[in-house]
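Pasted the sequence and its predicted model underneath.
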Amino acid sequence: MAASEYQVTGMTCGHCEMSVREEVGEIPGVQDIQVSAETGKLVVTSDRQIEDAEVLAAVEEAGYSAVRV
């Protein structure tokens, strides 16, 4: 299992969290997603090494921006 942490900007509520969770959840291999609008923290746990670009693209698709922490 591999875990990656990102800082997401632009999230303000539970709906924002849900949007990010849905998009990131479509990445093959993702096992768990923890996301907080309050802190902007996104932790993605997967059963394979996921490229940062995949996660960043998914977050962008949800309407937000992120950087790897």
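Perfect, thanks for sending it. Just so it is clear, the structure is predicted and the values come from calculations on it, not from any experiment.

Residue 19 and residue 60 touch, don't they?
No - if you go by C-beta atoms under 8 Å, residue 19 and residue 60 don't touch, sitting 11.3 Å apart. All C-beta spots, glycine's among them, are computed from the backbone N, C-alpha and C.

higher neighbour count, these two?
Using other C-beta atoms under 10 Å as the criterion, residue 19 and residue 60 rank with residue 19 on top: 18 against 12.

Look up the closest residue to that one, ignoring the ones flanking it.
Closest residue to residue 19 apart from its sequence neighbours, by C-beta to C-beta, 6 or more residues apart in numbering: residue 62 at 4.2 Å.

Need the distance between the two termini of stretch 61-68.
Its start and end residues considered, stretch 61-68 measures 16 Å (C-alpha to C-alpha, to the nearest Å).

Partner strands of the longest strand seen in the chain, with direction?
Longest strand in the chain, counting residues (DSSP state E): strand 2-9. Strand 2-9 has the following strand partners under DSSP bridges: strand 41-46 (antiparallel), strand 65-68 (antiparallel).

and stretch 20-40, how far apart are its ends?
Start-to-end, stretch 20-40 (C-alpha to C-alpha) is 11 Å.

Report the mean per-residue pLDDT for it.
Across stretch 20-40, the average pLDDT comes to 97.

On the three-state scheme, the closest residue to residue 36 other than its chain neighbours is what?
Excluding the flanking residues, the one nearest residue 36 by C-beta to C-beta, 6+ apart is residue 17, at 6.9 Å. Following DSSP: H, G, I helix; E, B strand; the rest coil, we place residue 17 in the helix state.

Regarding the closest residue to residue 14 other than its chain neighbours, which helix or strand does it belong to?
Using C-beta to C-beta, 6+ apart and skipping residues adjacent in sequence, the residue nearest residue 14 is residue 37, 6.8 Å away. Assigned by DSSP states H and E, residue 37 belongs to neither a helix nor a strand.
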